[in-house]
Every structure is written in structure tokens, then in C-alpha cells.
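Asks: sequence and predicted structure, then a few things I'm wondering about:
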Amino acid sequence: MLARPAFVDRFLARLPDPLALRFRATAAIGLVAGAFGLLLTLAVVHLDARRCAEVAREHAETLAHTAGVWLDGDAHAGLGQDPDKRLSDASAALAKLLEQSDYPGLVRTLRPKAEAKTALAAQPDAARPSALEVVIQTGTNQVRQDVDYRPEMAAALFEGQSTSVVRAGLVAAYAPVPDSWGATPAIVWVEGPASAPLWRRFGFALGATLFAGLLVSFAVWQTRQAAERLARHVNTLDSLVCQLAAGSLQSPIELARRERERLS
């Protein structure tokens, strides 16, 4: 029968014993710590995504409110002299505002169509397709001239209040554009991404993963140290039990007598 090579014995000696107390304790804590680290990473990434969405919503709503304050509501209502020229100037100013704010989205002004005003005023909480027309639009991803009316626009169009919603990874903010009579002939619609840039999300997820990995590694290391101490204590106890069974273990009285003699 062929003998097993020596390098195989050395290799097997390096492998941990799966039945050993140290291995089982370390493996159990490692699994628990790994699951905790994974849940911690997912929770932190989710909370960061919600925070980014809230920041994007506040940014869009602030931009919409600012634009609605200084936009010419009389020109949107067709009042005054040369409203088309004033709308053209307002479009250029709005494009400059969007560029200075460094907002990666689209800003446009909407006004109800003449044939849809009565229906919208009667049922502001009902969605209506192609009930609004685009007056000014700037930014990327230009849209069609007709826009569907959404119930979340009612606060800006009929109540004169700014509002915003987040849906499908996009944030939409609405603000009124009042005229000199206090009416709201149009609204500002700001739309942009609700999430952070891809590089920022990737970097944050990587940092959270590294932090969770450090916590898991520290927990496993501490568990391994504790398991080694426990294994030494168990081995000592097992040795004492074997000595007691063999009758070679000294009694406490004998140990006390020898200690007293040593001290004297």
C-alpha cells in the first residue's frame, strides 16, 4: 500500500477541523456578522437614496418657486404689449437661470388650453390628457407642445402653492406664475432626476461595503480570539478530568499543604 505523501499531510494539517469548537464558533459568528454587514450595507444605501431624492425634491421645488416669482404672468395670459416678445425674453432668462443653477433637468411653463379651462376648474383632481400647452421650455429632453394635466398640479394652478412629487426615479415640482391681477394663468414645471449621479452612488455603496466589511472582520477576529481562549480552557479541563480519572490528580488538601510548606 502506498504511503501518503508528506506534503499532503502538511496541507491537511493546515486545514481547520470542522468539528473543533474554535471553528464552529468562528463560522457561526462569521455567518451572523456577514448577514448583519449585508443588511447594514443595503440599509445605508437605501437611506442615502431617499436622502438624495429629498434633496433633489427640495432643489426642484426651490427652482420652480424662484422661476414662478419673476416670470411674466401677464405675458402668459396674453396681456400687455407684445406678449410674444416678452415670452421670448423670459425663455432666454429662464435658460440662463437653469444654466447657473446647474440643474440637470427640464424647466417649462404650462398654461391650460382655452377649451379645457372650465373642465379643469370643475374637477381639479381628475387627470386630463393634453389639457395643457407648453409656453416656454428649456433644458435637455424637449417635450411635445401638449402636456397631460395631473392632479398634483392643482395646488399650483388653482391654490397658488408650490408642490413637488417624486415618482419613477424623477422629481417634478410645480409653482404658480401669477399675473398682475393675482390670477394664475400658468405654472412652472421643473423635472429632473431624483437620484444622485452614477459615480456618486457607486462610490457611496463601495464605501458602505468597505465599512461593513471592517465591522465584520473585527467581529470575526474577536470571536476567533475568544474561541481560542475557550478551547484552551476546555483542553485544560479535559486534561484535569483525565488526571482525576487516572487517580493522578492531587487533592485540594495536598495542594494546600504543599503551598503552606512552600511559603514557610
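Replies: Nice, thanks for sending it over.
Asks: so what strands line up beside the helix or strand hosting residue 130?
Replies: Residue 130 is part of strand 128-139 when elements are defined by DSSP states H and E. Paired with strand 128-139 in the same sheet, following DSSP bridges, are strand 106-112 (antiparallel), strand 146-149 (antiparallel).
Asks: among those strands, which is nearest residue 195?
Replies: Ranking those by proximity to residue 195 (C-beta to C-beta) places strand 106-112 first, at 16.1 Å. Bear in mind the C-beta positions are built from the backbone N, C-alpha and C, glycine included.
Asks: who are the contact partners of the residue nearest to the spatial centre of the chain?
Replies: Nearest residue to the geometric centre of the chain (C-alpha atoms, centre = their mean): residue 49, 2.1 Å. By C-beta atoms under 8 Å, 6 or more residues apart in numbering, residue 49 lies in contact with 195-196, 201.
Asks: could you flag which of these are buried?
Replies: For the contacts of residue 49, a burial check counting by 16 or more other C-beta atoms under 10 Å picks out 195-196.
Asks: out of the contacts of residue 49, which one has the weakest pLDDT?
Replies: Here the lowest pLDDT out of the contacts of residue 49 sits on residue 196, with 82.
Asks: my guess is that residue contacts residue 50, does it?
Replies: No. Contact between residue 196 and residue 50 fails when scored by C-beta atoms under 8 Å: they sit 11.3 Å apart.
Asks: contacting residues around the strand holding residue 130?
Replies: With C-beta under 8 Å, 6+ apart, strand 128-139 has contacts from 71, 76, 87, 90-91, 94-95, 98, 103, 105-113, 116, 119-120, 143-149, 153, 186.
Asks: if we use 7 Å, what do you get?
Replies: For strand 128-139, contacts defined as C-beta atoms under 7 Å, 6 or more residues apart in numbering pick out 76, 87, 90-91, 94-95, 98, 105-113, 116, 119-120, 143, 145-149, 186.
Asks: which is the next helix or strand following whatever helix or strand residue 39 lives in?
Replies: Assigned by DSSP H and E, residue 39 belongs to helix 21-70. Using DSSP H and E, the helix or strand that follows helix 21-70 towards the C-terminus is helix 73-76.
Asks: for that next one, what is the average pLDDT?
Replies: 85.
Asks: nearest residue to residue 53 other than its sequence neighbours?
Replies: Leaving aside its sequence neighbours, residue 53 sits nearest to residue 194 (C-beta to C-beta, 6 or more residues apart in numbering; 4.4 Å).
Asks: who's in contact with the one you found?
Replies: Counted by C-beta under 7 Å, 6+ apart, residue 194 has contacts 53, 56, 166, 169-171.
Asks: make JSON lines out of these and add neighbour count, pLDDT and distance to residue 223.
Replies: Below are the contacts of residue 194 laid out as JSON lines (neighbours: other C-beta atoms under 10 Å; pLDDT from 0 to 100; distance: C-beta to C-beta, whole Å):
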{"residue": "53", "neighbour count": "18", "pLDDT": "89", "distance to residue 223": "38"}
{"residue": "56", "neighbour count": "23", "pLDDT": "90", "distance to residue 223": "42"}
{"residue": "166", "neighbour count": "17", "pLDDT": "90", "distance to residue 223": "42"}
{"residue": "169", "neighbour count": "10", "pLDDT": "86", "distance to residue 223": "41"}
{"residue": "170", "neighbour count": "16", "pLDDT": "90", "distance to residue 223": "46"}
{"residue": "171", "neighbour count": "24", "pLDDT": "93", "distance to residue 223": "45"}
